[in-house]
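J.: Whatever this is, show me its structure:
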Amino acid sequence: MTLSDLGWNDFFEGAFKTVSKEGWVAGRLIRETKINFSALLDEGDEVDCNVGGKVWHDASCDAELPAVGDWVAIEMGAGENDEHIIRARLPRSTCFSRKAPGKSSEEQVMAANVDYVVVVTDAGSDFNLRRMERYFMIVQKSGAKCVVLVNKSDLFDEEVNEKARAEIQELSPEAEVHVTSATREEGLEVLKSYLKSGVTLTMVGSSGVGKSTLVNQLLGEEWLWTGEVNEVTGKGRHTTVARELVVLEEGGMLVDNPGIREVQMWTDEDTLRDSFTDVEDLTQQCKFRDCKHQGDKGCAIEAAVKAGELDPARYEGFLRLDEEIEELNFRRKKRQMIVERWSKRNNRVKARNREDRIELEKEQRGEL
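T.: Next comes the predicted model:
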């Protein structure tokens, strides 16, 4: 196994040369524990490594710290018992992230340097176009390509599956949408068609949509435990609780993610407009530039909804996402103000302590 098999290319090579020092090697992070990371090196060697102090200090937030999928520069310990230290995180080619669950304003990185994000859903209880809109937005923001699997097709009529596929495809013409059945292994060849040496794929989706079964099939073994499905909810029980990058025998890599209960936005207004071009085009036709699209006179969007030209649910989804992004931006600014305020306070305290120390030293020398 070479670095190229792990996704190494000229982009990372150039970045590594700018930071590399004697004794440092390139590695890709494949696993994160509570105390350290595991990384794969050239020729397939696996090592445990810790994050260096400078990397911690230079990161302005958790999202800038190393994550699974990142390429890093590692200073190798000289002795057998010496620690291997991550001295730098290389720039990311893509970054699939979301807002951390809850009321936090922090970004949570789900996978770094991935080529494809595969969203797994079904045509039944998990089918939700508004959630798919959120997925499409955060995938677009990441820079990766999006693939959607409408899984569990064996549980529904062909007409129901095709209707779900068509509606998802209409939301994002750029995405590649497939109808699959993990239990029949119909999705296995679809996934394999995207995987080749150096290509990284990550799969996301709600718990119970068959994601872990698909992972098991790709790995060719019971890598992840899958359990029985609740007959009422249609949800399965599985134990994917941590992210891990796995190198596949037939080529390519997979980053598995725990089931996502919340799809909270980590994006901006430009990505929102790009994802809702139909709504954005209508806003240009509104009578007033500052139209709020909620009862304002001459609102083109409300006129389109009344005329049946715009799905009311899509319109409501647009408004909710717009509000979430506005709230997220507010929290970002608030957090930045708090950080800056504490930084100024700490600087003042340090300055006073320095002045007190200088005066004390002068007093001890008899200069005062």
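J.: Mean confidence (pLDDT) on the helix or strand containing T18, please.
T.: If you go by DSSP states H and E, T18 is part of helix 10-19. In this model, helix 10-19 has a mean pLDDT of 96.
J.: what helices or strands is that helix leaning on?
T.: Other helices and strands packing on helix 10-19, by 3 or more C-beta pairs under 8 Å, 6 or more residues apart in numbering; DSSP states H and E, are strand 71-75. Backbone N, C-alpha and C define where each C-beta goes, glycine included.
J.: and the strand it packs on, which strands flank it?
T.: strand 24-32 (antiparallel), strand 85-89 (antiparallel) (DSSP bridges).
J.: among those strands, which is nearest G251?
T.: Within these, the stretch nearest G251 is strand 24-32; the backing value is 15.3 Å (C-beta to C-beta).
J.: Of the strands paired with strand 71-75, which is nearest V349?
T.: Nearest of those to V349, taken as C-beta to C-beta: strand 85-89 at 30.5 Å.
J.: Parallel or antiparallel, list what pairs with the helix or strand just after the closest one.
T.: Scanning forward in sequence from strand 85-89 by DSSP H and E, the next helix or strand is strand 95-99. Sheet pairing here is set by DSSP bridges, and for strand 95-99 it gives strand 107-112 (antiparallel).
J.: Show me how far the partner strand is from its chain's centre.
T.: Chain-centre distance of strand 107-112: 4 Å, with C-alpha atoms, centre = their mean, to the nearest Å.
J.: relative to strand 24-32, how tilted is the helix holding T18?
T.: 120 degrees (axes from the mean of the first three to the mean of the last three C-alpha atoms, to 10 degrees).
J.: Just the buried positions in helix 10-19, please.
T.: Buried residues in helix 10-19, defined by neighbour count with 16 or more other C-beta atoms under 10 Å: 12, 15-16.
J.: And stretch 287-305, by the same measure?
T.: 291, 293, 299-302, 304-305.
J.: for the stretch 151-300 of the chain, what spans make up the strands?
T.: 176-179, 200-205, 226-229, 236-238, 244-247, 253-256 (DSSP state E, counting those that start in this stretch).
J.: which one of the ones you listed lies closest to D126?
T.: Here strand 200-205 is closest among these (C-beta to C-beta), at 7.6 Å.
J.: by contact count, what packs against the closest one?
T.: strand 107-112, strand 116-122, helix 211-219, strand 253-256.
J.: Low-confidence regions, the protein specifically.
T.: By pLDDT under 70, the low-scoring segments of the chain are 99-106, 221-242, 257-277, 292-295, 321-343, 367-368.
J.: which one of the helices and strands packed on strand 200-205 is the most hemmed in?
T.: When those are scored by mean count of other C-beta atoms under 10 Å, the highest mean neighbour count falls to strand 116-122 (a mean of 26).
J.: Report all helices and strands that that one contacts.
T.: Short answer (3+ C-beta pairs under 8 Å, 6+ apart): strand 116-122 packs on helix 129-142, strand 145-151, helix 158-171, strand 200-205.
J.: okay, now the domains of the protein?
T.: 4-89, 95-256, 268-368 (automatic domain parsing).
J.: Mean neighbour count, those domains: which tops it?
T.: Stretch with highest mean neighbour count among the domains of the chain: domain 95-256 (a mean of 19; mean count of other C-beta under 10 Å).
J.: From start to finish, how long is that domain in a straight line?
T.: With C-alpha to C-alpha, to the nearest Å as the measure, the first residue of domain 95-256 is 15 Å from its last.
J.: where's that domain relative to the chain centroid, distance-wise?
T.: Centre-to-centre, domain 95-256 and its host chain are 13 Å apart (C-alpha atoms, centre = their mean).
J.: what's the answer for stretch 298-307, then?
T.: 35 Å.
J.: Check what contacts that stretch and list those residues.
T.: 279, 282-288, 291, 293-296, 310, 312, 315 (C-beta atoms under 8 Å, 6 or more residues apart in numbering).
J.: and those, which of them are in helices?
T.: 279, 282-283, 312, 315 (DSSP state H).
J.: nearest to D45, of those?
T.: The nearest member of the ones in helices among the contacts of stretch 298-307 to D45, counting by C-beta to C-beta, is V279 at 50.9 Å.
J.: so that closest one makes contact with R314?
T.: Yes. Using C-beta atoms under 8 Å, V279 is in contact with R314, at 7.3 Å.
J.: Distance to L171 added to the buried residues of helix 10-19, as a markdown table?
T.: Putting the buried residues of helix 10-19 into a markdown table (distance: C-beta to C-beta, whole Å) gives the following:
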| residue | distance to L171 |
| --- | --- |
| F12 | 33 |
| A15 | 35 |
| F16 | 39 |
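J.: which one of those residues sits closest to L65?
T.: A15 (16.8 Å).
J.: Could I get the contacting residues of the spatially closest residue to the closest one that is not a sequence neighbour?
T.: Leaving aside its sequence neighbours, A15 sits nearest to L90 (C-beta to C-beta, 6 or more residues apart in numbering; 4.4 Å). Residues near L90 by C-beta under 8 Å, 6+ apart: 12, 15-16, 19, 26, 70-73.
J.: Among those residues, which pair sits farthest apart?
T.: Maximum pairwise distance in the contacts of L90, criterion C-beta to C-beta, is 13.3 Å, between V19 and D70.
J.: on that earlier part again, is it possible to export the buried residues of stretch 287-305 to a markdown table including distance to S142?
T.: Compiled in a markdown table, these are given as follows (distance: C-beta to C-beta, whole Å):
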| residue | distance to S142 |
| --- | --- |
| C291 | 31 |
| H293 | 28 |
| C299 | 33 |
| A300 | 31 |
| I301 | 28 |
| E302 | 33 |
| A304 | 30 |
| V305 | 31 |
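J.: Would you point out the most distant pair within these?
T.: Spatially, the most separated pair among these is C291 and V305, at 13.7 Å (C-beta to C-beta).
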